[in-house]
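fold the following.
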Amino acid sequence: MPPPDKLPDDWTPYWNHVEFETAEFLYTCNHMSARNINILLDLWATTLLRHNNKPPFADCHDLYKTIDSTPVGDIKWQSFKVQYTGEKPAHNIPPWMDQPYDVWYHDPHEVVRSMLYLTDSDERQWQDFMSGDWAWNQADIISEDPETLGSMFVPVILRSDKTTVSY
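As a prediction, the model looks like this:
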């Protein structure tokens, strides 16, 4: 089932287009520091007091919280922790051997599903990826394995987008 269509004026989690553009400008285009974001928002709030209005964000934390809740498509982020479990030296153990690390990812099945349901208005990028011997060799490998009889070679190229998160 394809993902539901979004309304053209749906800027979730932003209240409106101006709030989205403000976040993009402050964080992505200008790379403004948290201190300077707070100064700017305080000045902005001061000018809006007489109109009984507020700036789009209360402070840098409000801005970061909104940016971090921005959905990337309709696919939720998932995570798990990893930690080194191999042999450790008797002395001077490097810190990375004792620390857990978060691994964040999107479910690859959901990513592919979402890609397959792109509409004609969505932007797609095509390259001559399948024009070389590599694709032919992959198909040969599949055809020679009895367990993959009737299978088709369908490569999926995934890349990270340029969505900015605050941390």
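
strands of the protein, start to end?
For the chain, the strands identified by DSSP state E occupy 77-82, 101-106, in order along the chain.

pull the CA atoms of the first one into PDB?
Listed in PDB are the C-alpha atoms of strand 77-82, where the atom choice follows Å, rounded to 0.1, in the frame of the first residue of the first chain:
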ATOM      1  CA  TRP A  77      14.500   5.800  12.700                       C
ATOM      2  CA  GLN A  78      15.500   2.700  14.600                       C
ATOM      3  CA  SER A  79      18.600   2.100  16.700                       C
ATOM      4  CA  PHE A  80      20.600  -0.500  18.500                       C
ATOM      5  CA  LYS A  81      23.800  -0.500  20.600                       C
ATOM      6  CA  VAL A  82      27.000  -2.200  19.700                       C
END
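
and that strand, what does it pack against?
Contacting strand 77-82 under the criterion 3 or more Cβ pairs under 8 Å, 6 or more residues apart in numbering; DSSP states H and E are the following elements: strand 101-106. C-betas here are computed from N, CA, C, even on glycine.

okay, now the unreliable bits of this structure?
Counting by pLDDT under 70, the chain has low-confidence residues at 1-6, 72-73, 116-132, 156-167.

need the residues that contact the longest helix seen in it.
Ranked by residue count under DSSP state H, the longest helix found in the chain is helix 34-48. Outside helix 34-48, the residues that touch it by Cβ atoms under 8 Å, 6 or more residues apart in numbering are 26, 32, 54-55, 57-60, 63-64.

TSV for those residues, including neighbour count and distance to E147?
Formatted as TSV, the entries for those read as follows, by neighbours: other Cβ atoms under 10 Å; distance: Cβ to Cβ, whole Å:
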residue	neighbour count	distance to E147
L26	21	54
M32	17	55
K54	12	62
P55	19	61
F57	24	55
A58	14	58
D59	15	58
C60	21	55
L63	24	52
Y64	18	49
